[in-house]
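Provided below are the primary sequence and the corresponding predicted coordinates.
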Amino acid sequence: MATALPVPIWRRALGSGIGLIAMTMFASNGMRIVSTIVLTRILAPSDYGVVGVTSAILMVMFMISDFGFGVYIVQHPQGDDPHRLDAIWTIRLFRSILLFGALLLLSQPIAMLLEKPEMGIIIASTSFQFLLDGGSSLASYTAVREQKLGRLSTLDVIASVAQTMFGIILAILLRNFWAILIANLLGGLLRAVLSYAMFEGSRRRFFYDRVEAAALWRFGKTVASAHTLQIMLSNVDKFVLSRLFPLGTFGLYSLASNLAGAPSMFTSLYPNRVLLPTYAATARERPEQLADEYYRTRRLTMIGYLLAMGSFVGMAPAVVHLLYDTRYGDAATFLRILALAPAVALNNYAAREVLIVVGRVKTLFYANIARMIWLAVAGSTGFAMFGPMGLIVTVGLIEVPVMFYCWFALAQSRLFRLNEELLMLAALGAGIGLGLLCNNLYFAFAAHLRQILLAAMPHIGHHPLH
């Protein structure tokens, strides 16, 4: 009788949930970096300022109307029932149509509020993103429930690569911010089409169910309230700074915020697609082992992530110097500060998922209350004392009070272990130290290389190296 050949470790790693999430993140962020390397040499910082404003508006409207469709489908005992999925798809489509109409009507008032009236038509054009999202399938949710992460990751990568190529080609042709805005719409259209083409049984029909709508409302109103607070808090800096900064400076801030947000795909997908299903299954089958499972399943991943993020914080100036045109050099200061938030966020999001599983759905809301208090007190104080930079530092540290709240909530649920949490903080500190060392080595090497080139070819002194 033939024996099965052992599966190589590398193939098991890639096929695992964490491996697929990591592959998706590296591919998507690789495309993001390639895109910004090219686009910052074609477009001006003010173009990134325009894109930053419109992206913040879209994100706010998406999140304040999010009733936790994905979490509802994944955790519901009958989350795969076709009639239930039809009802959820219909509700989500109605929401998207309402958002589309609202942004069309409010585009000019929003532009006037930001003291940039010329942006009215630009903001209105982005409203079509809502229709593309509402018309897509529920595959991004049902695939998580069914653990079809490989196919879902493939969709993410294809859409990311295509959107990057659209952006580069359009930037070469148009030479302004419209290149990115149109590329975003084309990427959203492709994602919507693939969400049906790549997943069998993903087609839905109009079906309004009052009972299901009421159940979704009961579940989602807390989620929506939490998301409203979270997204308003996470974008308040952009709205304030878009008024205070000229578009060029705000473009630098937007670029830094975009780069700092590169890990956000991992911080959202890993807890939702990998940890949440695991915690939900453990809570149903072995509830007494949930605390052990909470820390065991995430330990190595968290340590690796925090080491990497700490290094990213420390090396922020070297990253900007290496990747971007010299016009964008001042973005390094913003990047070093803003990257602290996603460094801490993964730990908080993992705690959020396990607390939802044990029935503490209001944790989402209370965590955002902590963010709001921090931003109101520390943000206003920092702004009064240090101006815009004081607000930016407050934003970079916004996940710290949430971390302490999550510790408290975990302790109340008998899931908290201080030694595990301190290990995570130690990994972040070690990463920052390593990043600072590598940053100094990079600039020392760059300066030494410049001296060698100047000595060999003195005439290049009239043409500064970028």
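That came in fine, so what should we check first? Residues are numbered from 1 along each chain as shown.

Run through the neighbouring helices and strands of the longest helix seen in the chain.
Assignment by DSSP state H gives helix 418-456 as the longest helix of the chain. Helix 418-456 makes packing contacts with helix 290-314, helix 316-323, helix 340-357 when contacts are defined by 3 or more C-beta pairs under 8 Å, 6 or more residues apart in numbering; DSSP states H and E. Every C-beta, even on glycine, is put in place using the N, C-alpha and C of the backbone.

for the protein, what are the low-confidence residue spans?
1-29, 79, 220-234, 449-450, 453-466 (pLDDT under 70).

who's in contact with the residue nearest the centre of it?
The C-alpha lying nearest the average C-alpha coordinate of the chain belongs to Ser264 (C-alpha atoms, centre = their mean; 3.1 Å). By C-beta atoms under 8 Å, 6 or more residues apart in numbering, Ser264 lies in contact with 342, 345.

on that earlier part again, ok now the longest helix of the chain, how far from the chain's centre?
25 Å (C-alpha atoms, centre = their mean, to the nearest Å).

which parts of that helix are buried?
For helix 418-456, burial by neighbour count (16 or more other C-beta atoms under 10 Å) applies to 420-421, 424, 427-428, 431-432, 434-435, 439, 442.

and the two most separated of those?
Spatial extent of the buried residues of helix 418-456 (C-beta to C-beta) is set by the pair Glu420 and Tyr442 at 33.1 Å.

Single out the most deeply packed of the helices and strands packed on helix 418-456.
helix 340-357 (a mean of 24; mean count of other C-beta atoms under 10 Å).

I'd say Leu323 and Val38 touch.
No: when contacts are counted by C-beta atoms under 8 Å, Leu323 is not listed as touching Val38 (10.5 Å).

just so I know, which of the helices and strands packed on helix 418-456 lies nearest Leu255?
Per C-beta to C-beta, nearest to Leu255 of the helices and strands packed on helix 418-456: helix 316-323, 8.6 Å.

For that closest one, which outside residues touch it?
With C-beta under 8 Å, 6+ apart, helix 316-323 has contacts from 33, 36-37, 40, 256, 259, 312, 328-329, 331-332, 335-336, 339, 435, 438-439, 442-443, 446.

just stretch 238-251 next, same as before
Under C-beta under 8 Å, 6+ apart, the answer for stretch 238-251 is 44-50, 52-53, 56, 114-116, 253-254, 257, 388, 391-392.

filter the residues you listed to the buried ones?
By 16+ other C-beta under 10 Å, these give 44-50, 52-53, 56, 114, 116, 253-254, 257, 388, 391-392 as buried.

Could you list which of those belong to helices?
Per DSSP H, the buried ones among the contacts of stretch 238-251 map to helices at 45-50, 52-53, 56, 253-254, 257, 388, 391-392.

Out of these, which two sit at the greatest distance?
Asp47 and Leu391 (23.6 Å).

Against which helices or strands is the helix or strand hosting Gln129 packed?
Here Gln129, judged by DSSP states H and E, is contained in helix 128-135. Counting contacts by 3+ C-beta pairs under 8 Å, 6+ apart, helix 128-135 packs against helix 45-64, helix 82-113, helix 178-197.
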